[in-house]
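S.K.: Please find the sequence and the predicted model below.
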Amino acid sequence: MSKVVVITGAGGVLCSSFAEFLAEKGHKVALLDINEAAVNVIADKINAAGGCAKAYACNVLKKEIIEQVHQQILADLGKCDILINGAGGNSPKCTTVHEEYEKGDEDAEISTFFNLPTEGFDFVFDLNIKGVLLPSQVFMTDMVGRKGCCVLNISSMNAYRPLTKIPAYSAAKAAVSNFTSWLAVHFAKEGIRVNAIAPGFFVTNQNRSLLFDTEGNPTARTGKILRATPMGRFGEATELLGAVEWLLDEEKASFVTGVTIPIDGGFSAYSGV
């Protein structure tokens, strides 16, 4: 049965692949992103292939804007059956130069733990956790009293094992996993399932410059990541689709709620020895 799927952060590599996949399954897809041009391209691609998609410019940190987009989606596609909270990311403003404390960091002019700007931390934390909270508050109103509705959040390996250099992103993704469990309990008797996936390492537009140099060679950080990933490679966006399809299926995952599924090539299972 065709459902209305709302995807935030739909301009990114991972969420755009979810959109194309779900449209192929016959669902109507609403693509939300602050970058309207990016989601317009994806919507055009889906529609050209015979699917049904509409793009909407949306800032997930502005509830009044989300509410306006919600009204547009109601008019265009109908009530939201499935919400995928995909908006998130890190910022250079909350990234330390050093992986570990180095002598003199407390007085250094470079970006260290001691001088990370509060506004940078606030932006990253808000984007990742309020970017789940606010769309959920708005679109889950459509789900109350209806069967077969669910929410899928995007957590991260950072929620399990915080990475060096990015403290706000790691803390925020841990909050996403925690909030997923909270929402699942809160809405369980209403029949609304809430789950999350925690991707390991995938090459995206956001992290490409950290993983490869300008000539396309792997950086030292890439070497560390792959050594800590038993499968020895980065994931492909399509390798998330099986778990996404299962978690969204109201029959196959009817008793699954409040979980976060790692999809990481073994990263979370590896002790390093």
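M.R.: Okay, I see it.

S.K.: Might you report the residue contacts of M231?
M.R.: 265-266 (CB atoms under 8 Å, 6 or more residues apart in numbering). Glycine gets a C-beta too; all of them are placed from N, C-alpha and C.

S.K.: can you confirm it is in a helix?
M.R.: No: membership of M231 in a helix is not supported by DSSP: H, G, I helix; E, B strand; the rest coil, which gives coil.

S.K.: So for it, what's the pLDDT?
M.R.: M231 carries a pLDDT value of 96.

S.K.: ok, now S209?
M.R.: Reading off the per-residue confidence, S209 sits at a pLDDT of 69.

S.K.: Now for F201: which residues touch it?
M.R.: Residues touching F201, when contacts are defined by CB under 8 Å, 6+ apart, comprise 157, 225, 229, 234-235, 264-265, 267.

S.K.: go again using 7 Å as the cut-off
M.R.: For F201, the set of contacting residues under the criterion of CB atoms under 7 Å, 6 or more residues apart in numbering consists of 225, 229, 234-235, 267.

S.K.: List only buried entries from these.
M.R.: Among those, those that count as buried by neighbour count (16 or more other CB atoms under 10 Å) are 225, 229, 234-235, 267.

S.K.: For V273, grab the count of nearby residues.
M.R.: Residues within reach of V273, counting by other CB atoms under 10 Å, total 3.

S.K.: Equivalent analysis for G50, please.
M.R.: If you count neighbours by other CB under 10 Å, G50 ends up with 9.

S.K.: N90 now?
M.R.: Neighbours of N90 (other CB under 10 Å): 25.

S.K.: Also A269?
M.R.: Residue neighbour count, defined by other CB under 10 Å, stands at 9 for A269.

S.K.: Against R161, how distant is it?
M.R.: Noted for A269: a distance of 11 Å to R161, by CB to CB, to the nearest Å.

S.K.: Give me the distance between D264 and A49.
M.R.: With CB to CB as the criterion, D264 and A49 are 30 Å apart.

S.K.: okay, the two: which has more neighbours?
M.R.: Counting neighbours by other CB under 10 Å for D264 and for A49 shows that D264 has the greater number, 24 against 11.
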